[in-house]
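>>> structure, please.
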Amino acid sequence: MTTLLDLFRSQQSFLLTGHENPDGDCVGAQAALSQLLCSMGKTVHIVNPDPLTQSFDFLTEHTTFTTAKSGAELPDFDVAVLLDCSQLSRVGSLGKRIGARNKPIAVIDHHVGSEDGDGSVFYVDVTAAATGALIRRLFAEFDVELTLPAAEGIFLSLVSDTGWFCYSNANAEVFSMAAELVALGVDSSRMYDALNRRNHKDSPRLLADALQSSRLLLDGKLACLSLDKAMIERCVKTGFDTDVMMEPLRSIEGVEVVALLKERFDGNVKCSLRARGDIDVQAIVSQFGGGGHKKAAGATVMMRLADAERAIHDAVQQALAAQYPGN
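Sure, this is the predicted structure:
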């Protein structure tokens with residue numbers, strides 16, 4: 001932490017970025033950190049590998065987000081900051097371009113193993129509910145008052161990674177921060193509408209079609225949903241967030257793990273796992289080079305969809321056997 005604070009004080013220009021297809025924690029933390037650095041008189045550019053989805057566009061009312069375009073020059077910067085990820089490979093082709101600049105890289109993250117990432121300076125706390133919570137702590141470290149735009153970014157981070165305060169990581173710090181942010185003027189109802197009530201008219205049909213193909217395996221302890229390229233294309237066309245398909249499956253009594261497998265257009269498969277009980281899904285995906293948290297983790301595997309299904313099935317089966325020996 002001390003080294004990060006020194007870096008922020010001593011350097012002038014910063015490039016903030018995050019993982020591909022940035023989620024609410026990623027972009028919320030970026031918006032808040034941008035506010036902090038600008039209040040310190042710094043020059044800040046947010047450059048992501050992919051554009052913001054429509055649900056996050058309320059952030060653009062006060063924060064400028066740009067997308068790395070192939071062949072376009074990156075803005076000058078003294079320090080690159082990776083938020084909500086720790087490896088340049090998670091930033092796609094943009095990561096290679098950042099690495100080629102040979103500038104210091106700071107990592108601010110809360111995922112397991114992030115302290116071993118590509119940064120030269122790290123602020124990692126795996127007990128933090130969201131990366132945005134770490135940015136709130138930085139405001140306190142620098143004794144900088146929160147602006148409303150920063151508060152909105154931090155609140156977005158918190159609700160995104162705690163499932164609107166429903167997950168087990170919604171601890172006392174989260175609720176304390178949330179109360180502070182609402183007191184500063186964050187409109188939680190407006191944000192909920194922006195995130196959840198602007199879906200395409202075809203969304204109910206997509207959700208129904210997908211859930212109809214889901215399967216309960218391993219005596220009902222594993223709920224598996226596989227989306228082939230055709231279904232993914234339908235989702236992309238309507239801007240449908242496939243992650244919402246996991247919650248109805250996680251609500252089924254007896255389900256310990258939900259696995260969502262998405263066939264990518266490059267032929268690989270992205271696997272997202274969620275746990276409801278004590279199964280450590282981060283340990284499961286680590287077998288495939290993935291990472292995340294104990295109850296929410298993912299990996300991208302170079303397999304066919306059917307092969308990925310079998311691999312995840314077997315790995316979950318082993319985890320369940322270890323957790324519940326003799327059952």
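
>>> from now on I want contacts and neighbour counts done on CA atoms only, so please keep to that.
Noted.

>>> okay, now the sheet partners of the helix or strand bottoming out on mean pLDDT in the chain, with direction.
Here the helix or strand of the chain ranked lowest by mean pLDDT, DSSP states H and E is strand 291-292, holding a mean of 88. Partners of strand 291-292 in the sheet, by DSSP bridges, are strand 296-301 (antiparallel).

>>> could you dump the strand it pairs with to PDB, C-alpha only?
Output of strand 296-301 as PDB, limited to C-alpha atoms (Å, rounded to 0.1, in the frame of the first residue of the first chain):
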ATOM      1  CA  ALA A 296     -17.400 -17.100  -7.800                       C
ATOM      2  CA  ALA A 297     -14.700 -17.900 -10.300                       C
ATOM      3  CA  GLY A 298     -14.100 -18.700 -13.900                       C
ATOM      4  CA  ALA A 299     -11.700 -19.900 -16.600                       C
ATOM      5  CA  THR A 300     -11.300 -20.100 -20.300                       C
ATOM      6  CA  VAL A 301     -10.400 -23.500 -21.600                       C
END
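
>>> for Thr60, see how far away the closest residue to Leu74 other than its chain neighbours is.
Closest residue to Leu74 apart from its sequence neighbours, by Cα to Cα, 6 or more residues apart in numbering: Ala68 at 7.6 Å. According to Cα to Cα, to the nearest Å, Ala68 and Thr60 sit 17 Å apart.

>>> more crowded one of those two?
Ala68 (18 against 12; other Cα atoms under 10 Å).

>>> tell me the contacts of that one?
By Cα atoms under 8 Å, 6 or more residues apart in numbering, the contact set of Ala68 is Val47, Asn48, Pro49, Asp50, Leu74, Leu94.

>>> quick one: contacts for the closest residue to Asn199 other than its chain neighbours?
Among residues not flanking Asn199 along the chain, Phe240 sits closest, at 7.2 Å (Cα to Cα, 6+ apart). Residues near Phe240 by Cα under 8 Å, 6+ apart: Asn199, His200, Ser203.

>>> what about 10 Å?
Residues counted as contacts of Phe240 (Cα atoms under 10 Å, 6 or more residues apart in numbering) are Thr53, Asn199, His200, Asp202, Ser203, Pro204, Leu206, Leu207, Ile232, Glu233, Arg234.

>>> among these, which are in helices?
Counting by DSSP state H, the contacts of Phe240 place Ser203, Pro204, Leu206, Leu207, Ile232, Glu233, Arg234 in helices.

>>> how about the contacts made by the third one?
Neighbour list for Leu206: His200, Gln212, Met231, Arg234, Cys235, Thr238, Phe240, Thr242, Met245 [criterion: Cα under 10 Å, 6+ apart].

>>> quick check on the residues you listed: which are buried?
Met231, Cys235, Phe240, Thr242, Met245 (16 or more other Cα atoms under 10 Å).

>>> mind listing the strands for the stretch 51-200 of the chain?
Secondary structure of the stretch 51-200 of the chain (DSSP state E, counting those that start in this stretch): strands at 66-67, 79-83, 105-109, 121-124.

>>> let me know the angle separating the second one from strand 105-109.
Yep, that's strand 79-83 we're talking about. 20 degrees (axes from the mean of the first three to the mean of the last three Cα atoms, to 10 degrees).

>>> which neighbouring elements make contact with strand 79-83?
strand 13-18, helix 24-39, strand 43-48, helix 93-100, strand 105-109, strand 121-124, helix 131-141 (3 or more Cα pairs under 10 Å, 6 or more residues apart in numbering; DSSP states H and E).

>>> check the offset of it from the chain's centre.
Taking Cα atoms, centre = their mean, to the nearest Å, one finds the center of strand 79-83 at 15 Å from the center of the full chain.

>>> just stretch 261-268 next, same as before
Worked out by Cα atoms, centre = their mean, stretch 261-268 lies 19 Å from the chain centre.

>>> stretch 175-194 now?
Computed by Cα atoms, centre = their mean, the chain-centroid distance of stretch 175-194 equals 20 Å.

>>> returning to what we had before: so which of the buried ones among the contacts of Leu206 comes closest to Met303?
Of all the buried ones among the contacts of Leu206, Met303 sits closest to Met231, with 17.9 Å by Cα to Cα.

>>> list the contacts for the closest one?
Here Met231 is in contact with Leu206, Asp209, Ala210, Thr242, Lys262, Glu263 (Cα under 10 Å, 6+ apart).

>>> restricted to helices, list the residues you listed.
Members of the contacts of Met231 lying in helices (criterion: DSSP H): Leu206, Asp209, Ala210.
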